[in-house]
Every structure is written in structure tokens, then in C-alpha cells.
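*Asks:* give me a 3D structure for the following:
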Amino acid sequence: MTTRIGWTLALATLTLACGGGEAPPEAADTADPDVRPKVLVIGIDGVRPDVLAEVETPNLDRLVAEGTFTDRARTGFPSVSGPGWSSFLIGVWPEKHGVTDNEFQGKRYDEYPDLFTRIETVRPELETWVVADWLPLVADDHNGPVISEQVDTKHVLDGYELGWAEADSASVELAVDALRSSDPDAMFVYLGNPDETSHQAGSIGAEYRQAIALADQHVGRLLHALAARPTAGGEDWLVLVSTDHGRRADGGHGGDTSEERTIFYIASGPSAARGPAPDTTYIVDLPVTALAHLGIQADPAWGLDGRVVGLAR
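*Replies:* Numbering: from 1, shown residues only. Okay, here's the model as predicted:
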């Protein structure tokens, strides 16, 4: 089921809202084998790890404290959203998925489908749920979508139409409502406001930092919704958070500099390891880790480039 959210519905939704080193990480306590593994993937667009460290982000800090973290992970090249989110969601580099810019003309998503399509193919009984406000991720216009129509529920918002802060808030409220009223097993929530804010400001200054702080508040809303689920005691949620690229001081990106290609990576929850992730962590590791947590072993025939990072077992 795919839903396209317009301005009126998005505003109505908003009114419902409340308010590394190389040493291996220490293993967390073994999770109860009777609980159901579930995954929440949060993608925050265009966040530089060094700037993130300077912003007050209590909810992301909590995830770091309860899991694995690195601020020295790496994205691919070119460091723009099309190839970045494709690698983030698929687990292969641009040489395989074919996307090298934001036009998506060379996409090979039929050969290399996204994480949630993989889940639907291998474990169709699992409930997949996706929301994004950058259209190429979820819509069949704009040369997308990265995430196919095979997912069970897909919400499509347009950050350019709604305003990025408003669209992110509406996206999160939709996710919170799904956590209250349904039983998703694998979720993806995209937050585009930090990237767009930096582009509009032409800097990584106050406006950008405020947008990162707002994204952290959204993370807090999602974590509260997870904890408030009546079935929370029988669920093992792995929360994965990362970004598609960094950026230069002028707000731009796309090049091969450390500032543009260094990203952060968080894997948090009862089944996550505790401590720093290896410096050899890459954007393509996230979908492989999500699949592993759900008990889906990557088939070598899939040709995935990532590996499991941040799970205790």
C-alpha cells in the first residue's frame, strides 16, 4: 500500500503530534531468545559527524550509550544523495546499483533491490513499513523509487511542497501512529531537513545545527513510541541510524574529501554490541546488519558489499 501525503493531510497529521578504534566492541548481554527481532532504520540526510558531536542530541546519545557507534564510517563517491541512499538501502556500491548522481538514470534496482524488498522476497510474512519526504526514495516519478512497491506500507511525502521541517514531523507522526496501531517488523523513517537546511543556508552554522537538534527530537519521539508499545516486552528492536554523506563548510557536497565522505553509524538495542564500531565501517554495512538481525542471511548470489556491524551475536 502506497499513500501520497498532500499538504492538507500532512497538516492534519501534524496536529496529532505530541509536543573509533579497531578493537572489537564488547558484547551485550544475550537477548531473550523468545522475543521477536524487529528493525527501525532512521536515515538523517547530510549530517557531518563532527558537527553532530557539537549539537545537543540526548536521544542519539542514548542510542550510542546502548549500542555500537562510529563517527568515522565512510560513504561512497560521489558523495550525493542518489548514490548514497542507494548504497544505504541496498548494501552495494554505485558500481553495482548503477546510481552515480541524483538523476538515477543508470539504476539497476531490478538486480540489486532495496533492503525492504529483500525482506518481502525472503520473509513475506514480515510487515515492512516506509516513509520518506524525498521523492526519489519512494515515488515512481523523479526516476525513483529506490524502495520498491513490494513493501507492505509506503508513505510518500514531498519536502519541497510541504516544507522540510514540516514534512519530517509529519513523517515521524505517521511512524509513531503505525507503532501505536499496527505491528511493523521492519521500518524506515527518512529525515531530510538537515541537508536541505544546510543547502539553503550555504553553511554548517546555526540553522544546520538547529535542524540536527530537531532531527534528534524526532528520534526521541520514535524511541518513546517503541517503548510504549503494549508488546514491547516481547520485541527486540534494533535501531540503526546513519546518513548518506557529509558536507563542506559551505553546505555543499559531492566530492571526495574527508568532510564529504565521513559519516556516522549507530546500531543500538538489546542485541547490539556495546562500544566503538571498527573504523572500517561503511554505509553498505547497514542493510546487511538489519537483515542479519531479522534472521535473514545474505545469499552470496545477492552480491552485497556490506557486512554485519554492531550486533553482539
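*Asks:* beta partners of the residue nearest the centre of the chain?
*Replies:* Note on the chain: the residue nearest the mean C-alpha position is residue 43, at 2.6 Å, using Cα atoms, centre = their mean. Going by DSSP bridges, residue 43 is paired in beta bridges with residue 190, residue 242.
*Asks:* point out where the protein drops to low pLDDT.
*Replies:* Within the chain, the segments meeting pLDDT under 70 span 1-33.
*Asks:* repeat that for 90
*Replies:* For the chain, applying pLDDT under 90 flags the ranges 1-34, 105, 140-144, 278-279, 313.
*Asks:* hey, where'd the strands end up in it?
*Replies:* With DSSP state E, the ranges of strands along the chain come out as 2-4, 36-44, 67-74, 128-132, 153-156, 186-191, 235-242, 262-268, 275-276.
*Asks:* can you tell me what sits against the second one?
*Replies:* The set of residues that contact strand 36-44 without belonging to it, under Cβ atoms under 8 Å, 6 or more residues apart in numbering, is 85, 88, 115, 184-191, 194, 212, 215, 219, 222, 226, 234-244, 271, 286, 290, 293-295. C-beta: built from backbone N, CA, C; applies to glycine.
*Asks:* for the lengthiest helix in the chain, list every residue counted as buried.
*Replies:* In the chain, with assignment by DSSP state H, the single longest helix is helix 206-227. By neighbour count with 16 or more other Cβ atoms under 10 Å, helix 206-227 contains the buried residues 208-212, 214-216, 218-223, 225-226.
*Asks:* starting at the chain centroid, how far to that helix?
*Replies:* With Cα atoms, centre = their mean, to the nearest Å as the basis, helix 206-227 stands 13 Å off its chain's centre.
*Asks:* please name the bridge partners of residue 67.
*Replies:* On the basis of DSSP bridges, residue 67 takes part in beta bridges with residue 268.
*Asks:* gap between it and residue 186?
*Replies:* Look at residue 67 and residue 186: by Cβ to Cβ, to the nearest Å, they are 18 Å apart.
*Asks:* what's around residue 260, how many residues?
*Replies:* 22 (other Cβ atoms under 10 Å).
*Asks:* now the one 4 residues further on
*Replies:* Other residues lying near residue 264 total 24 when counted by other Cβ under 10 Å.
*Asks:* without its sequence neighbours, what residue ends up closest to it?
*Replies:* Counting by Cβ to Cβ, 6 or more residues apart in numbering, residue 264 lies nearest to residue 49, which is 4.3 Å off, once chain neighbours are set aside.
*Asks:* how much space between the one you found and residue 62?
*Replies:* Residue 49 is 17 Å from residue 62, by Cβ to Cβ.
*Asks:* might you report the residue contacts of the closest residue to residue 197 other than its chain neighbours?
*Replies:* Spatial nearest neighbour of residue 197, chain neighbours left out: residue 211 (4.0 Å); criterion: Cβ to Cβ, 6+ apart. Neighbouring residues of residue 211 by Cβ under 8 Å, 6+ apart: 165, 193-194, 197-198.
*Asks:* again, only this time at 6 Å
*Replies:* Residues near residue 211 by Cβ atoms under 6 Å, 6 or more residues apart in numbering: 193-194, 197.
*Asks:* now residue 262
*Replies:* Here residue 262 is in contact with 49, 246 (Cβ under 6 Å, 6+ apart).
*Asks:* quick check: bridge partners of it?
*Replies:* Bridge pairing for residue 262 - DSSP bridges - gives residue 74.
*Asks:* all helices for the stretch 1-150 of the chain, in order.
*Replies:* Remark: helices assigned in the stretch 1-150 of the chain by DSSP state H, counting those that start in this stretch are 7-14, 49-52, 58-65, 81-90, 94-97, 115-122, 135-138.
*Asks:* want to throw these into TSV with distance to residue 150 and mean neighbour count?
*Replies:* Shown next, in TSV, are these (distance: least, Cβ to Cβ, whole Å; neighbours: other Cβ atoms under 10 Å):
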stretch	distance to residue 150	mean neighbour count
helix 7-14	24	15
helix 49-52	33	18
helix 58-65	29	17
helix 81-90	13	28
helix 94-97	17	18
helix 115-122	5	22
helix 135-138	12	24
